[in-house]
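**Student:** I would like to see how this sequence folds:
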Amino acid sequence: MAAVALVIIGLTVLIMWAVLRPKKPTFLLQDATLYAFNLTNSNLFLTTTLQVTLSSRNPNRRVGVDYTRLGIYASYRNQQITLATELPQGYLGTKDVTMWSPFLYGETVPVSPNLVQAVGQDLAAGVVIVNVKVYGRVRWKVGSWLSGKYHLAVNCPAYLRSAAGGGGGGGLVAVGGGAGVKYQFDHGCNVEVSA
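**Tutor:** Residues are numbered from 1 along each chain as shown. Next comes the predicted model:
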């Protein structure tokens with residue numbers, strides 16, 4: 001009798017897992033408007049001003065996604081170059097999409113001499129790769145049940161072409177007048193969800 005009960009419980013758990021198996025959300029970097037990416041003060045500091053448009057989609061048909069404590073920042077060659085900006089918390093129902101367009105600021109961020117050299121090389125080559133990173137917590141929701149919190153880490157590479165490509169220059173965009181350069185992407189991001 002106990003064996004039959006264990007088999008029924010095991011089959012129930014297996015069926016629930018197969019039906020409700022949550023998939024991780026997908027993220028898409030749609031565009032970035034770069035207002036500043038310049039070395040300043042004797043090339044020891046990097047100033048970055050960037051606005052990105054990022055969307056997230058819940059690919060699940062039966063499971064909702066609940067975002068808590070989301071933050072976003074930009075990094076260059078594994079060094080954070082902007083302050084973290086908080087994104088609104090929210091719930092994504094099944095197959096829902098949400099979109100954010102935050103500004104990312106890094107005013108005179110100290111950089112290592114190796115990074116200064118890399119900026120110069122990338123500008124001379126005509127392209128700079130800035131990674132837009134999202135971090136936070138995510139929970140799965142089915143009906144009124146909420147799972148435990150999982151760590152969310154998203155990495156979206158943005159390939160920014162320099163107008164001064166091949167000719168050196170001090171930055172991607174000349175600061176002044178408030179005009180920026182807009183880059184269209186529409187490419188997926190690497191998403192990791194871990195316990």
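
**Student:** please enumerate the strands of this protein.
**Tutor:** 26-40, 45-57, 64-76, 79-80, 85-87, 90-92, 97-100, 103-110, 127-142, 145-146, 150-161, 181-188, 190-194 (DSSP state E).

**Student:** any idea which of those strands is most buried?
**Tutor:** Comparing the strands of the chain by mean neighbour count (mean count of other Cβ atoms under 10 Å), strand 45-57 ranks first with a mean of 21. Yep, even glycine has a C-beta here, placed from its N, CA and C like the rest.

**Student:** now that strand against strand 127-142, angle please.
**Tutor:** Angle, strand 45-57 to strand 127-142, by axes from the mean of the first three to the mean of the last three Cα atoms, to 10 degrees: 40 degrees.

**Student:** just the mean pLDDT for strand 45-57, thanks.
**Tutor:** Across strand 45-57, pLDDT averages out at 94.

**Student:** go on, stretch 152-170?
**Tutor:** For stretch 152-170, mean pLDDT is 73.

**Student:** for the chain, give me the ranges with low pLDDT.
**Tutor:** 13-14, 16-20, 41, 163-178 (pLDDT under 70).

**Student:** go again with 80.
**Tutor:** 10-21, 40-43, 162-179 (pLDDT under 80).

**Student:** just put the strands of the chain in a markdown table and tack on distance to L6.
**Tutor:** A markdown table is the format used below for the strands of the chain (distance: least, Cβ to Cβ, whole Å):
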| stretch | distance to L6 |
| --- | --- |
| strand 26-40 | 38 |
| strand 45-57 | 39 |
| strand 64-76 | 31 |
| strand 79-80 | 51 |
| strand 85-87 | 44 |
| strand 90-92 | 36 |
| strand 97-100 | 42 |
| strand 103-110 | 53 |
| strand 127-142 | 24 |
| strand 145-146 | 23 |
| strand 150-161 | 29 |
| strand 181-188 | 42 |
| strand 190-194 | 31 |
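
**Student:** of all these, which one comes closest to A2?
**Tutor:** Proximity to A2 (Cβ to Cβ) singles out strand 145-146 among those, at 27.4 Å.

**Student:** A153 contacts C189, doesn't it?
**Tutor:** No: when contacts are counted by Cβ atoms under 8 Å, A153 is not listed as touching C189 (10.2 Å).

**Student:** name the residues contacting each of those two.
**Tutor:** Counting by Cβ atoms under 8 Å, 6 or more residues apart in numbering, the contacts common to A153 and C189 are V134.
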